[in-house]
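Engineer: Fold the following and give me the result.
(chains A and B)
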Number of protein chains: 2
Amino acid sequence: MTVSEVKESKCDVLIIGAGPAGLMLAAWMARCGINARIVDKRSTKIFSGQADGLQMRSLEIFDSFGFCDRAWKEANHMIEICMWNPGSDGIIRRSDRIPDVPVGLSRFTQIVLHQGRIERFFLDHIRKHSKDQIQVERGVLPEEISFDEDALSNHDKDTYPVSVKLRHLSDEEATPAQQLNHEITNGKANGGEKGPRDGLFRSNLAEDDTDELLGKAREKENTVEIVKAKYVVGCDGAHSWTRRQLGFELEGEKTDFIWGVLDIIPLTDFPDIRMRCAVHSASSGSLMVIPRENKLVRLYIQLTEIKPDSVTGRADRSQITPATIIAAAQKIIAPYTLTYEYCDWWTAYQIGQRVGTNFDHKNRVFLAGDAVHTHSPKAGQGMNVSMQDAYNLGWKLGLVVNGIAKPDILKTYQSERRRIAQDLIDFDHKFSRLFSGRPAKDVMDEEGVSMTEFREAFVKGNLFASGLSVDYGASILVAKPGDPATKGDGTDLTPIKEKDENRILGNQDLATNIKIGMRFPSYKVLNQSDARPWHFQERLKSDGRFRIIIFAGNVLSTDQKTRLDQFCASLSSSTLLSPHLHSHIALLAVHSAKRADTELLRDFPDVLHPWSEREGWDYESVFVDDESYHEGYGDAYTGYGVQRDTGCVVVTRPDQYVGYVGPLDGEGWKGVEGYFGGVLRV
Amino acid sequence: MTVSEVKESKCDVLIIGAGPAGLMLAAWMARCGINARIVDKRSTKIFSGQADGLQMRSLEIFDSFGFCDRAWKEANHMIEICMWNPGSDGIIRRSDRIPDVPVGLSRFTQIVLHQGRIERFFLDHIRKHSKDQIQVERGVLPEEISFDEDALSNHDKDTYPVSVKLRHLSDEEATPAQQLNHEITNGKANGGEKGPRDGLFRSNLAEDDTDELLGKAREKENTVEIVKAKYVVGCDGAHSWTRRQLGFELEGEKTDFIWGVLDIIPLTDFPDIRMRCAVHSASSGSLMVIPRENKLVRLYIQLTEIKPDSVTGRADRSQITPATIIAAAQKIIAPYTLTYEYCDWWTAYQIGQRVGTNFDHKNRVFLAGDAVHTHSPKAGQGMNVSMQDAYNLGWKLGLVVNGIAKPDILKTYQSERRRIAQDLIDFDHKFSRLFSGRPAKDVMDEEGVSMTEFREAFVKGNLFASGLSVDYGASILVAKPGDPATKGDGTDLTPIKEKDENRILGNQDLATNIKIGMRFPSYKVLNQSDARPWHFQERLKSDGRFRIIIFAGNVLSTDQKTRLDQFCASLSSSTLLSPHLHSHIALLAVHSAKRADTELLRDFPDVLHPWSEREGWDYESVFVDDESYHEGYGDAYTGYGVQRDTGCVVVTRPDQYVGYVGPLDGEGWKGVEGYFGGVLRV
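Structural biologist: A predicted model of the protein is given here:
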C-alpha cells in the first residue's frame, strides 16, 4: 500500500491509553455526545493486580455517573488502620487504631477493588451512554503526531489541527510477555492452577516496550491510519509516548527503597490481616496490609536486602520473585506466621516521585494520569488522582468541542491538576520516607523515624488521601480572590488577573461550608413533592451541566418570597435559559421552611418546576431541609453554613466543584450572569 | 406421531406459571441445585402494567438473594400517604399525612416498580445460579396431570409419582389478543406512539382463555411431551389450571364495586400527585394515587357508574375504556384538573376476596400465589404475598428433594401460608369496603364510612401490609407452644401435637424481640475482624441453609467464655457439623464485649472461624455489637432483647424465620439438637 492509500479519518477527541484515566475521559465524551476514539496498545484489559484503592472522592464521582453501587457492592471496605510497631524487646505489637478515613466528610468510605473491575464499570457506562459509538480499540499504537500550527488557535467546528498516525498491532504483538516464575506457591506445587500474573512489565523496574512493539508492527504496512483530531489526550502511562513526542519531562527523583507487592490469600495467625495495617519491624523493614475482595490481601513489602545498581540506579529485577518477597514479609511480621497457597499477582517497584513539566501543549494535546505523575502506590492514590485528572479535563473538552464554552477554560486543566500533582508528590515523598525508614529506638535516635510522627502524618495524610481536600485556585471557573497563577501551578490564566476591578468574585461568607474551588459537599435533603430523602450531591449528576443551586431560604416569609420571585424572574428572562444554553445549565433549589407547610406549585416560581405538554409539571428540582420519617434530619442549611432565612445562590461546575457563591438578589444575579459570561459563549 | 412416540422426561420439580410466584420458586430451585423446569403458557414476559408495589418484607427477601439493590435503584420510593376527604362544603382537602410504612421496622421502605422489571431480576438470578440450567419455557401449556397413587408416599430418590402432559404452543397461540382502544389519548391523537397495553385479559372481568388456547394447540400433535416429576407447583394465577385439575375451589365472595386502573403520566395541578394518596370524594367515589417510576402514576379509580349485571354478577367490560376511567377520576379529584397525553397501561377489576380450600394435594402438588388467593390490588399485596408463598415453599422442597429434610416439613406450607391468605382476605375485605364506601357526612350518617375509622384502618393496615407481622404457628419448624392446627389453617401437623411431653420448645424470654415464628429482625453489627458494619440480616442469605446464631454475650467474662466454649465443643462434636449436614447449617456469632478488646483467633473457638488449607482462617462469621466509626451504634443486643452478659442461641430457617431460641448451655444445646432432629434426616 502506498502512502496515498493510507486510511484517513476525523474525530473530535482522540484518547491514547485505556486505563482508568483514559476511560474516565471516554466516559465524559460519551456523556457529552462527543465524536471520540480511544485506543490502547495492549490487546486486553487487565484481569488481576494493578491498582485497587478507591478513595471517597472517586466514589462520589462514580456515583455521579451512576455506577458507584457496583463498586460498593463488590469491593472490600476498609474501615480501620492498625499500626504495629516494635516494643523495647524488638517484637511488633499493635500500638494504635485509627479510622481508615476521616469521619463525616463523605457518605462513602475507602474501598478496595481490582482495577479490572473498575475498568469494566467504565466500559459498560461508555458503551451505554455513547450508544456503542465509543469502544476501546485495542492493539493500536500511535506512531507519529503532527500539528497544523496555523490552525491551532482556530476553534471553528471544522478545524482538526492535530494528526496522529496509528498502527494496528496483531494480537501477539500487543500481549506483553510476562515473567514466568516457578516458585509461586512457596515451595509447593500449585495443583495445576495457572501461575499468578506478574506485573513487572508495567512496573518502573521494566524498560519501556513501546519502541519494541512499534518495530514489530512496522512490518505490517497495511495496518496504518491517520486520524485528524481537534484534541488529543495522552493517558498512556508512565512511559507515555505522547509525552515523549511533545518533548516534556517527568521531573523528580528516585530513592533506593525497593518494595515488592503480593496479592495472595494469606495463611497467617496475624490478628489484623483483614485490617489495613502499617507494620514497622525493628530492623527488617516495613510492610503494609491492604485487605481485598474475595479473601485476597495485598501486601506491600519493603525489600531491604535488594539494592539498586550503583551505576544505573535501578534494581535487578531477576532477583525479585514471589519467594524473595514473601521471605522478606515473614521477617517483618515475625513472630506471626505468614505463608500462602494462592497468589493472584505480584510485582515490585522502586520508590520515586516525579511530576510532568507540562500537562498540555497549546491547549490541543493534554496529558493525564501516570503520564504526568508517578509515585509510590502504597497510599492508594495513583488510580484516583489519574481518574480525577481526566474527570477535570473531560467536561471542559466536551463543552468546548460542542461550542458551548470558551476555549479559555482549557487552560485551567494544567493550572488545577498540575498543582494537585505537585501536592501529591510532596505528600508521597514525606509519606514513603516515613514508611520506609527504620523506627526510632527512642527520642535520641535521630536516624530512626518517630512512630508518633508517623501516626500524625498518617492521620493528616488521610484527609489528603481522601481526595476531598482538593481546592482549585482562582480562575475563570472559580470566582474567588487570589492570584490565579500562584494558586495554581503558575500557568497564566488570562483573561483572569489578580488585580482586575471587573473580576467576578463570590461571597464565601454566605455559605461557609460550600467552599469556592472545592467540591460541593453533601447533606441529606427531602424532595419537596414526594418526601424522599436524597444526599443532595446525588442530584449533581455528571451529565455535562453546570448547576445554579438556589438556597431559597424560608419561602413562607413574604420578604424572602419576594427575593426568590425576583431572582427567578431574572433567571427566566435571561439568555442562560435560552434553548442554546439551558440544556447545559440545570436548576436546583432547597428551601428551609417546613415541607408540610409548603407546596411546589403554590410556593415556588414556575422556572423551578417547568411544565411540559407531555409530562406535566417537573417534580425533581425542589428540595427541602426538613426531617425525614426514616433517615433522620440532614440539617443541611447548618451543614452548608447557609442562613436559614435568606439563603444564597451557588453555581457548581459540571464536575461538582463550586464556581460561585452569591446573595439571592440583584447583586447575586449579576454575579451569576457574570460568571457564565466569562465561561460560556453566550 | 403415535402415543408411544410422545417424548418423556423426568425432573424433580415442575413449576407451572412464570409470574412472580413461579419465578420465586425457580430462584430457590436454582439456589438449592434442584433439577427443575418452569413453563408458562404466555409467549413473553410482561412489559407494562400488572403489579408494582414491593413491601418491606419482599425487599428483605430480594436482598437475601442479592438483587434488592437493582429494585431499590430503579423504583419509585413511596414515603408518605396523604388522605384527602370532602369538607362540609363537599370539596376535597388534604386531611392528614402519615408515613407510608411504619417507622423503624426494616431497613427498607415500600417501593413501586413495574412487575416486568422484577421478573427480569428473578430471571437473571435464576440463570446465574442454575448456570443456565433453569430457564423459563414459554408457550407451554399443561394438559393432563396424573398420579402414581402407590408411589405418592415414597420419597426415594428415583420415584417420580406425578405425570404432567405438556403441549407446546405456537407464538401466535401464546399471545393474548389485547383490546384495542382508540380513545387512549383523551380525545387527542397520540403522535404515532403505540397505544397503551390493556390488562383486561388478565383481569377478573375476563373469561379464562386456557381452554381456548388448549383447543388451538391440540391440532399440533408433534408438540406434546410427558414430564414425570417428584413435585409439581401450580403458580398459574387466578384461573389456575392446576387447581382445577385437583378439584379445589376458591371460596369467597364478589362485591359490586368496580374499579379502573390507569398507568399514566398525569397532567394535573393536584398538589400530592407524587405522594400515595387516598382520595374520598363526597359522592363520586374514591381514588388512590400510586406514584411510579419514570414519571408514571398509577391511579386506582372507583367506577361508581358501572354496575355488575344482575344475573351474571359480572360487569360488562365493553363499557370500560381509558376515557370512561379518566372521566370518573376527574369527577373524584375536582376541583383539581387531571388529564394525560401518555397512557402506559390500563385495566379494570371487580372487587372480591377468595381463598383456596387447599394449598396442596398429598404434599406432591402445591398451589401458590393467585391460584389460591385473589383480592383487590390497591393495598399492593398481591405480588408480595404470592412471592412469599413460593419463598416459604421453595427451600422446603429443595431440602426434601436433596434428601436433607424430612418430607413432614412440606405440610407446614399449607398450614403457614393458607393462614396468611385468610388473614389477607380479611384485611382486604375490610380495607376495600372502607375505601369504596361513601364518606360519612357526620357521626349520625351510619351508611357512610367514618374517615377517622378509615385513617385508623390505614395505619393498622400498614403493619400488616409491610409483610413484617407474619407469625407462623407452632410446627416441626417453629419450636413454640400452642396447638399446631389452630395456630395455622387447621392442617394436621403430626408428629407435632399440642400435648406432647417430648416436644422441643424454645424460650422466648431469652430474646424478647426475636420472636419464634417471625422473621429474624435486623440491627447493625460489626464484623469482628475488619470492623465493617452490616445489617445482621444481610448475613442471612437465601442459600438454603439453616443458621445457628450464637449470641455469645460478654466473651471477656470467664464464666461466659466457659459457657461459649462448652456449647461450641458440643457443636463441634455433633453430627450437625458432619459433612452430610454442615453445608446446610451455617454458624454465625455476635458478641457484646468491645471489639478492640477482643480478637477472633484468641477469644473464639475454632468452630466459629474454621481453617482451610487454601484460604486460612474464616473471618466472616463472628460479629460484635459495638460502635462504628461512620454508621453509629446498632445496639443490637438491646434491639434483639438479649442479655448482654449471657446471650443465647437462635436457630433460623433458610427463609430467615426464627425456629428456636434457647440458652447458651447444655439445655440450649439439647434444644438445638432436638430441633434439627425433628426436621432433618440425621
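Engineer: Can you show me the strands along the stretch 501-650 of chain A?
Structural biologist: Ranges of strands in the stretch 501-650 of chain A, per DSSP state E, counting those that start in this stretch, are A:524-527, A:533-535, A:546-553, A:585-591, A:611-612, A:616-617, A:622-624, A:648-652.
Engineer: The third one - contacts with which helices or strands?
Structural biologist: The reference is to strand A:546-553. helix A:558-572, strand A:585-591, strand A:648-652, helix A:666-679 (3 or more CB pairs under 8 Å, 6 or more residues apart in numbering or on different chains; DSSP states H and E). All C-beta atoms are positioned from the backbone trio N, CA, C, and that covers glycine.
Engineer: Mind telling me what element the residue nearest the centre of chain A is part of?
Structural biologist: The centroid of chain A falls nearest to A:Gln388 when counting by CA atoms, centre = their mean (2.4 Å). Assessed by DSSP states H and E, A:Gln388 sits inside helix A:382-401.
Engineer: Check A:Trp28 too.
Structural biologist: helix A:20-32.
Engineer: Go through that helix and flag the buried ones.
Structural biologist: By 16 or more other CB atoms under 10 Å in any protein chain shown, the buried positions in helix A:20-32 come out as A:20-32.
Engineer: chain center to the next helix or strand after it, what's the gap?
Structural biologist: Per DSSP H and E, the first helix or strand lying C-terminal to helix A:20-32 is strand A:36-40. A distance of 19 Å separates the centroid of the chain from that of strand A:36-40, by CA atoms, centre = their mean, to the nearest Å.
Engineer: For the helix or strand following strand A:36-40, which helices and strands make contact with it?
Structural biologist: Downstream of strand A:36-40, the first helix or strand assigned by DSSP H and E is strand A:53-54. Contact here means 3+ CB pairs under 8 Å, 6+ apart; on that basis strand A:53-54 packs against strand A:111-112, helix A:382-401.
Engineer: Restricting to C-alpha, output the longest one in PDB.
Structural biologist: Written as PDB, here are the backbone C-alpha positions of helix A:382-401 (Å, rounded to 0.1, in the frame of the first residue of the first chain):
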ATOM      1  CA  GLY A 382      -2.400   6.600  41.700                       C
ATOM      2  CA  MET A 383      -5.600   5.400  40.100                       C
ATOM      3  CA  ASN A 384      -7.700   8.000  41.900                       C
ATOM      4  CA  VAL A 385      -5.600  11.100  41.000                       C
ATOM      5  CA  SER A 386      -5.300   9.800  37.400                       C
ATOM      6  CA  MET A 387      -9.100   9.400  37.100                       C
ATOM      7  CA  GLN A 388      -9.600  12.800  38.600                       C
ATOM      8  CA  ASP A 389      -7.200  14.400  36.100                       C
ATOM      9  CA  ALA A 390      -9.400  13.100  33.400                       C
ATOM     10  CA  TYR A 391     -12.600  14.000  35.300                       C
ATOM     11  CA  ASN A 392     -11.300  17.600  35.500                       C
ATOM     12  CA  LEU A 393     -10.500  17.700  31.800                       C
ATOM     13  CA  GLY A 394     -13.300  15.800  30.200                       C
ATOM     14  CA  TRP A 395     -16.300  18.100  30.600                       C
ATOM     15  CA  LYS A 396     -14.100  21.100  29.600                       C
ATOM     16  CA  LEU A 397     -13.200  19.400  26.400                       C
ATOM     17  CA  GLY A 398     -16.800  18.400  25.900                       C
ATOM     18  CA  LEU A 399     -18.200  21.800  26.300                       C
ATOM     19  CA  VAL A 400     -15.600  23.400  24.100                       C
ATOM     20  CA  VAL A 401     -16.000  20.900  21.300                       C
END
